[in-house]
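Engineer: Provide a 3D model corresponding to the input given below.
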Amino acid sequence: MASSPRGPVDWTGVMEAYATEKGATFHYNAPAVQLLRDDSGRCTGVIAKNESDEYVRYTLQGVLLTTGDMAADREMMAHYNVSLSKIVRYNINTNDTGDGQKMGLWVGAAWQKTYRCRP
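Structural biologist: Model prediction:
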């Protein structure tokens, strides 16, 4: 977490406050399971699973997909990150399943080619 002269900065809270001020809404404890597209192919919503284990549809003007890691999905790691897949075996967050990346790929998103940094 970054810090300022007044202490740590909660950047997530800062971004949430800004987005809320601009009209965004947040639905916590309702992970997305599928992106929705309109006839033109634009992502216009999500299907999420709420705390009652019900599927809920949120339709929107657009979707900003932010996602975590995929280290807990060995098949994805072996395909997309071969060098790390050989060493990432322990101490991984089991929540890092690659679900966000998969949802993006399922609706036609491109996977960005990256290169290892070398000194």
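Engineer: how about residue 41: what's its closest non-neighbour residue?
Structural biologist: The spatially closest residue to residue 41, leaving aside those adjacent along the chain, is residue 108, at 6.9 Å (Cβ to Cβ, 6 or more residues apart in numbering). (Glycine included, C-beta is placed from N, CA and C.)
Engineer: secondary structure element for that neighbour?
Structural biologist: For residue 108, there is no enclosing helix or strand under DSSP states H and E.
Engineer: if I look at it, how far off is residue 8?
Structural biologist: Using Cβ to Cβ, to the nearest Å, residue 108 is found at 39 Å from residue 8.
Engineer: residue 30 too?
Structural biologist: Using Cβ to Cβ, we find residue 30 at a distance of 27 Å from residue 8.
Engineer: which one of those two is surrounded by more residues?
Structural biologist: It is residue 30, of residue 30 and residue 8, that has more neighbours when counted by other Cβ atoms under 10 Å, with 18 against 9.
Engineer: check contacts around the more buried one.
Structural biologist: By Cβ atoms under 8 Å, 6 or more residues apart in numbering, the contact set of residue 30 is 48-51, 56.
Engineer: same for the helix with the most length in the chain, what does it pack against?
Structural biologist: Determined from DSSP state H, the single longest helix within the chain is helix 11-21. Contacting helix 11-21 under the criterion 3 or more Cβ pairs under 8 Å, 6 or more residues apart in numbering; DSSP states H and E is no other helix or strand.
Engineer: good, we can wrap up now.
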